[in-house]
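Participant: with the sequence up front, the predicted model follows.
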Amino acid sequence: MLKGMRGAAGSWVAKFFIAVLVLSFAAWGIGDIFISRHSGAIATVGDREIDVRRFSLALRNQMSGIERQIGRPLTMQEAQSFGLDQAAIIDLARQEAMFAEAEELGLSASDLEVKLSVALNPAFRNALGEFDASQYRQTLEFSGISPAEYEEGQRRAISSNAVAGFAATGYQLPAGMAERLHSFNNETRRFHYVTLGQEAAGDIAAPDDAALQAHLEANPEAFSSPEFRKARFVIASPDELAKQMSATEQEAREIYELRKSFYNSPETRKIRRIVFGSPEEAEAAKARLAEGATFFEVAEEKGLSAADTLLGRGPADSFEAAMADAAFAVAEPGVVGPVQTDFGPALLQVDAITPGASKSFEDVSEELLQTVRHDKALEEVLRIETEISDFVAGGADLDLIARNMGLEVAETPAVDADGASADGAATTGAAADPVFLSALFAAEEGAVSEPISLSDDSVVVFSLTGIVPPALRPLDEVRAAVAESLMAERTAAALAELAQQITDRVDQGDLLAAEADIFGKTLSTSENLTRSGASPDLPSDLVRTLFEKNAGGAAWAALDGGQKVVIAQVFEIEAPSGEESKAEEVSLAAQINSLAQSDIQEMLTRAAVQARGVKINNSAVEQALANISGNAR
């Protein structure tokens, strides 16, 4: 948590939080945030001052809330990073503005209310959760404030909250609104529906060449060749550079020692166990096995499932010593025991045996030498990448970069954004790498790119040398695709017209079942659906439309890109009812009332602050923060 908070303190999250607070100041009418003042007050609300001691205590309260959550003290730097100082000022400004309203109304908290608020403050409770007067005094002393000053602040806060509370008290939803809202959200409906496919569209005339050409030209994005690009490039490949690298036996042995556990793995076994109450019971179970019972049947008699018996798979040192000695002593899978274990006498079953693997240095030396060469090549690629960056920054072209790096300039074929060449063949190397292709299709012609790391750890720098823009393909080249697309378009139009005609007739009183029968279809019936529901056959948009219809009303929707349509009719409407529904309705009303009351309180408080205006003395704030931080040290 500590590491996370320290990281977050400098992160965009913290910066965003602080930005929100600054905007909050503007919204509340708290101006001149960054203007230093010379008075001793932290801020003024109208002609009323907020002094340093009240700010100190408010900030301490803000920090205490966070400290209780993370289980450690906050530093002042962390508190500022999370904007707690600004939050404390906002709270005090709200309180002061509302306290002014309270005074104008002649309202003031009683002594009993103040004492109760003190007693209930978690900051003043001991480890038993009880109010501790000594802790109360020490906490206030640490903040540089007297009990009288603190209690006066509490009186202000209680009075301020009371004004806002009185304004919102008694607000209730208009009669029947909660019921209507609850009914709107929870009403269920069932629908009759029929789905019609391409066969229902009837005979669609085959398009002639003129229609095909018009469709081709109307849909260039579907029937054009893609944009192609080509480039010159210089690449530093670790695979190629590795061929030039030397590797010694000592370097290979060092890697072998680091990876010894990988090359030398122990034997592992999958083991199950059944524990018994006594050696006699274990022996009796073993006799049952000898008679033909299975290990799992014996386990089931003990009330154990197969999962209950499984200890796991691992090497000998991952099991209790006595069990490992017995289970790893047998040459084949099978039952072992009884074995005296820490949990009592047990039967073991070895399910599987995986032999260990052991490879000497000599067995893997060639592989390790290649690893050494590859690692050195990667280091060389990083060096080359740095030098290429310097050359690019200095305006060098690819030929100069290649000469200085001892590399070659190569050229890609013209490729599309997926790496396919103009003849549709797949490409290899840099031209097939997604990272390179993404950069290539974002580049400007003629400019030398920054070095790019590819997926195989190569580094490439390139210059875009040509762009072939998309071009509409000739009709003869794409005739079949254009015909298929146009027929699908005409089929969709015919089905849409048919579905609308059926919907209109059903709305006028025709039976949907009779309409379906014309096409040899029978009606399906949906399950109960809410307004936000859907089913595999009824899209959510169609369901929402049907909820706007009365009983018997119909609507339709296209499926599969218009190659099918579904026509549905409202069959049954059921309003929410019963005790559970009534309880949900009451709960909804309470939630809305609570939110409305909070909104009223917020609007009143905001108006009180904006009416008086707030000015912040930043120099006083900074001095107060320095003092608080110094006291903490």
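Facilitator: Okay, I see it.
Participant: tell me the contacts of Glu151?
Facilitator: Val114, Lys115, Val118 (CB atoms under 8 Å, 6 or more residues apart in numbering). In this view, the C-beta of every residue, glycine as well, is placed from N, C-alpha and C.
Participant: which of these ranks first by neighbour count?
Facilitator: Val114 (21 neighbours; other CB atoms under 10 Å).
Participant: sec struct for that residue, please.
Facilitator: Three-state call for Val114 (DSSP: H, G, I helix; E, B strand; the rest coil): helix.
Participant: how far away is it from Glu49?
Facilitator: 21 Å (CB to CB, to the nearest Å).
Participant: find the least confident helix or strand in this structure, judged by mean pLDDT.
Facilitator: helix 2-9 (a mean of 33; mean pLDDT, DSSP states H and E).
Participant: Gln349: neighbouring residues, count only.
Facilitator: Quick note: Gln349 (other CB under 10 Å) scores 24 neighbours.
Participant: repeat for Gly65
Facilitator: Around Gly65 there are 13 residues (other CB under 10 Å).
Participant: my read is it is in a helix, agree?
Facilitator: Yes - counting by three-state DSSP, Gly65 is found in a helix.
Participant: distance of it from Ala157?
Facilitator: For Gly65, the distance to Ala157 - CB to CB - is 15 Å.
Participant: one more: Asp541?
Facilitator: Taking CB to CB, one finds Asp541 at 51 Å from Ala157.
Participant: of those two, who's got more company?
Facilitator: Ala157 (21 against 11).
Participant: kindly provide the distance from the more buried one to Leu604.
Facilitator: Noted for Ala157: a distance of 15 Å to Leu604, by CB to CB.
Participant: quick check: next helix or strand after the helix or strand where Glu489 lies?
Facilitator: Glu489 is part of helix 475-507, with elements assigned from DSSP states H and E. From helix 475-507 onward toward the C-terminus, using DSSP H and E, the following helix or strand is helix 512-518.
Participant: low-confidence ranges, this structure, go.
Facilitator: Along the chain, segments meeting pLDDT under 70 span 1-40, 143-144, 166-171, 630-633.
Participant: hang on, Ala551 in a helix?
Facilitator: No - using three-state DSSP, the assignment for Ala551 is coil, not a helix.
Participant: give the burial count for it, as a bare number.
Facilitator: Quick note: Ala551 (other CB under 10 Å) scores 10 neighbours.
Participant: can you give me phi and psi for it?
Facilitator: phi -60, psi 130 (degrees, to the nearest 10).
Participant: ok, now Ile353?
Facilitator: For Ile353, the backbone dihedrals are phi -130, psi 120 (criterion: degrees, to the nearest 10).
Participant: beta partners for Gly312?
Facilitator: Ile271 (DSSP bridges).
Participant: that one: neighbour count?
Facilitator: 11.
Participant: what sits against it?
Facilitator: Counting by CB under 8 Å, 6+ apart, Gly312 has contacts Lys270, Ile271, Ser318.
Participant: likewise for Trp556?
Facilitator: Counting by CB under 8 Å, 6+ apart, Trp556 has contacts Ala499, Gln500, Ile502, Thr503, Leu542, Val565, Val566, Ile567, Ala568.
Participant: try 6 Å
Facilitator: Ala499, Thr503, Val565, Ile567 (CB atoms under 6 Å, 6 or more residues apart in numbering).
Participant: with Ala439 instead?
Facilitator: Ile452.
Participant: what strand or helix carries it?
Facilitator: helix 434-440.
Participant: ok, Ala299 touching Ala307?
Facilitator: No - look at Ala299 against Ala307 with CB atoms under 6 Å: they stay out of range, at 10.1 Å.
Participant: who's more crowded, these two?
Facilitator: Ala299 (20 against 7).
Participant: quickly find the element holding that one.
Facilitator: With DSSP H and E as criterion, Ala299 is part of helix 295-301.
Participant: now do that helix: which elements does it pack against?
Facilitator: Contact partners of helix 295-301 among helices and strands, from 3 or more CB pairs under 6 Å, 6 or more residues apart in numbering; DSSP states H and E: none.
Participant: now do the helix or strand following that helix: everything it contacts.
Facilitator: Per DSSP H and E, the first helix or strand lying C-terminal to helix 295-301 is helix 306-309. With CB under 6 Å, 6+ apart as the test, helix 306-309 has contacts from Arg272, Ile274, Phe296, Ala299.
Participant: got a markdown table for those residues, with distance to Gly552 too?
Facilitator: Output for the contacts of helix 306-309, formatted as a markdown table (distance: CB to CB, whole Å):
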| residue | distance to Gly552 |
| --- | --- |
| Arg272 | 64 |
| Ile274 | 66 |
| Phe296 | 60 |
| Ala299 | 61 |
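Participant: can you tell me which helix or strand Glu580 belongs to?
Facilitator: Using DSSP H and E, Glu580 falls in helix 579-612.
Participant: what secondary structure does Asp457 sit in?
Facilitator: Taking three-state DSSP, the label given to Asp457 is coil.
Participant: I'd say it and Asp239 touch.
Facilitator: No - Asp457 is beyond contact range of Asp239, at 8.8 Å (criterion: CB under 6 Å).
Participant: these two - which one has more neighbours?
Facilitator: Using other CB under 10 Å, the more surrounded residue of Asp457 and Asp239 is Asp457, with 15 against 12.
Participant: hmm, back to that, give the buried residues for the helix holding Glu580.
Facilitator: Residues of helix 579-612 classed as buried by neighbour count (16 or more other CB atoms under 10 Å): 584-585, 588-589, 592-593, 597, 600-601, 604-605, 608-609, 612.
Participant: quick one: the helices in the stretch 101-250 of the chain, in order.
Facilitator: 111-119, 133-142, 147-168, 177-186, 209-218, 220-223, 238-242, 249-258 (DSSP state H, counting those that start in this stretch).
Participant: who wins for proximity to Ser526 among these?
Facilitator: Proximity to Ser526, assessed across the helices of the stretch 101-250 of the chain by CB to CB, is greatest for helix 177-186 (16.9 Å).
Participant: then the closest one to PDB, C-alphas only?
Facilitator: The C-alpha coordinates for helix 177-186 follow below in PDB (Å, rounded to 0.1, in the frame of the first residue of the first chain):
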ATOM      1  CA  MET A 177     -44.200   8.300  -8.900                       C
ATOM      2  CA  ALA A 178     -42.300   5.600  -7.200                       C
ATOM      3  CA  GLU A 179     -45.000   3.100  -8.300                       C
ATOM      4  CA  ARG A 180     -44.700   4.200 -11.900                       C
ATOM      5  CA  LEU A 181     -40.900   4.200 -11.900                       C
ATOM      6  CA  HIS A 182     -40.900   0.700 -10.300                       C
ATOM      7  CA  SER A 183     -43.500  -0.600 -12.800                       C
ATOM      8  CA  PHE A 184     -41.600   0.900 -15.700                       C
ATOM      9  CA  ASN A 185     -38.400  -0.900 -14.700                       C
ATOM     10  CA  ASN A 186     -39.900  -4.200 -13.600                       C
END
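Participant: check which helices and strands it sits against.
Facilitator: helix 579-612.
Participant: for the helix or strand just after the helix it packs on, buried residues please.
Facilitator: Scanning forward in sequence from helix 579-612 by DSSP H and E, the next helix or strand is strand 614-616. Judged by neighbour count using 16+ other CB under 10 Å, the buried positions of strand 614-616 are Val614, Lys615, Ile616.
Participant: noted, bye for now.
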